[in-house]
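Asks: Generate coordinates for the sequence data below:
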Amino acid sequence: MIIVTFIRHGESTDNPRAVWGGWKDAPLSDLGRKQARALGEHLASTKIDVIYASPLLRAHHTGMAVQNGQPKPPPLILNPNLREQHFGIAEGYSWCYTYPDHMSLDECYKTGIFPAFFDRSGRFPGGESIDELAGRAHGAVKECIFAHLTEEDGFHIALASHGLCIGELVHALLSYDPESNREESYTGLMNTAWTRAVISLDPSYQGHVDSDNPPPLRVKVTHIAKEDHLKNIDEITDVDGNFENERKTEALAFFGGAGHTN
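Replies: Now for the predicted structure:
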C-alpha cells in the first residue's frame with residue numbers, strides 16, 4: 001500500500017487579480033506563504049517520503065514548505081507534467097465567464113477578452129484543452145506514483161500541483177481501478193487544500209509489477225479537499241480594502257476546478 005496526497009498550491013500574486021494564470025509564473029502572495037507554512041506545520045506529524053512538485057513557483061514553493069515542515073525532509077523533485085493547464089494567448093489577461101453577444105471569439109481575443117471554456121475540448125490558441133491536460137496527468141501518475149508501486153508498505157508521496165491539474169490527476173489514478181467511483185468530483189480545492197488516496201495492488205494479481213504498464217489497482221480516496229490548517233489564517237483584503245468581489249470569487253472557484261467535469 002502506498003499513500004498519495006494531492007496538494008493545491010498557496011495563493012499566488014495572480015490569484016487575487018482574477019487573471020488567466022496557467023504557466024504564467026507568479027510567486028506566492030503574502031497570504032500564500034502563510035498558507036504554505038501552515039500546511040507544512042499541519043503535515044509535520046505525517047511522514048512523507050518524497051515530494052513531487054510542479055516547477056511553477058507557486059507550487060514549487062508550496063512543496064518546499066511541506067518539505068521544510070518534515071522532521072526528516074524528503075527529496076523534492078520537480079515534474080513539468082504537474083503544471084497547470086496552459087491557457088496560451090490568454091495568460092495574464094483578465095478572467096471572465098462570457099463575452100458580448102455582438103462579438104466573435106476572434107474579435108474578443110483581439111481586444112483582450114478571454115471568456116472561459118466549459119467543455120473539455122475547448123482551448124485558447126497556443127494553449128491546452130482539459131482533455132490534453134488529462135493526457136499529461138496520466139504521464140504524471142506514471143512518473144510520480146507508479147514509479148513507487150513496489151516501495152514498502154505505507155510509502156507516502158506528496159504532489160504539489162494546481163487546481164485543474166489535480167482534478168485530472170485523481171481521475172487518471174482512479175482509471176486504473178476498475179471498481180473505482182469515477183463520478184465523484186475532485187476539483188474545487190481552496191489554496192493549499194489537500195486530497196488523499198491509498199493505493200494497493202489488486203489482491204488477485206500475482207505477476208510482475210511494471211510501472212509503465214501497471215496491473216489492476218485498488219484506489220481508495222480517503223480525504224477530499226481538507227483545509228483545517230487554514231482556520232487560523234487571517235484574511236487579506238484587496239488593494240482597495242474590499243473583500244473578494246463576485247468576479248474574483250468565481251475565478252478562484254474556476255481555477256480550483258469548479259465548473260469542469262471529469
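Asks: what's downstream of the host helix or strand of Ile77, the next helix or strand?
Replies: Here Ile77 sits within strand 76-78, counting by DSSP states H and E. Counting by DSSP H and E, the next helix or strand C-terminal to strand 76-78 is strand 95-96.
Asks: quick one: contacts of that next one?
Replies: 18-20, 113-116, 247, 251, 254-255 (Cβ atoms under 8 Å, 6 or more residues apart in numbering). Every C-beta, even on glycine, is put in place using the N, C-alpha and C of the backbone.
Asks: starting at the chain centroid, how far to that strand?
Replies: Its chain's C-alpha centre and that of strand 95-96 lie 20 Å apart, by Cα atoms, centre = their mean, to the nearest Å.
Asks: circling back to that earlier point, out of the contacts of strand 95-96, who's nearest Gln206?
Replies: Minimum distance to Gln206 across these is 43.6 Å, recorded for Phe255 (Cβ to Cβ).
Asks: so what's the closest one up against?
Replies: For Phe255, counting by Cβ under 8 Å, 6+ apart, the contacting residues are 15, 21, 84, 95, 162-164.
Asks: mind checking the backbone torsions on it?
Replies: The phi/psi pair for Phe255 (degrees, to the nearest 10) reads phi -70, psi -20.
Asks: could you measure it against Ile77, distance?
Replies: 24 Å (Cβ to Cβ, to the nearest Å).
Asks: before we move on, back to that, now which of the contacts of Phe255 would you call buried?
Replies: Taking 16 or more other Cβ atoms under 10 Å as the criterion, what is buried in the contacts of Phe255 is 15, 21, 84, 95, 162-164.
Asks: which SS state does Pro203 fall under?
Replies: Secondary structure for Pro203, judged by DSSP: H, G, I helix; E, B strand; the rest coil, is coil.
Asks: about what we covered before: show the buried residues in the contacts of strand 95-96.
Replies: Using 16+ other Cβ under 10 Å as the burial test, the contacts of strand 95-96 include 18-20, 113-116, 251, 254-255 as buried.
Asks: Tell me which two in those are the farthest apart.
Replies: Going by Cβ to Cβ, the pair spanning those furthest: Ile113 and Phe255, at 18.1 Å.
Asks: So which bits of the top strand by length along the chain are buried?
Replies: Across the chain, the longest stretch assigned as strand under DSSP state E is strand 217-226. Under the neighbour-count criterion of 16+ other Cβ under 10 Å, strand 217-226 has 217-219, 221, 224-226 buried.
Asks: any chance of those in TSV, with distance to Ile233 and pLDDT too?
Replies: Putting those into TSV (distance: Cβ to Cβ, whole Å; pLDDT from 0 to 100) gives the following:
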residue	distance to Ile233	pLDDT
Leu217	36	93
Arg218	36	95
Val219	31	96
Val221	26	96
Ile224	20	95
Ala225	16	95
Lys226	15	97
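Asks: Make TSV from those and add distance to Ile2 to it.
Replies: Below are the buried residues of strand 217-226 laid out as TSV (distance: Cβ to Cβ, whole Å):
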residue	distance to Ile2
Leu217	10
Arg218	11
Val219	10
Val221	14
Ile224	18
Ala225	21
Lys226	19
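Asks: Tell me the one among those residues nearest to Gln67.
Replies: Of all those, Gln67 sits closest to Lys226, with 18.9 Å by Cβ to Cβ.
Asks: beta partners of the residue lying closest to that closest one once chain neighbours are set aside?
Replies: Leaving aside its sequence neighbours, Lys226 sits nearest to Trp194 (Cβ to Cβ, 6 or more residues apart in numbering; 5.3 Å). Using DSSP bridges, the bridge partners assigned to Trp194 are Ile7, Lys226.
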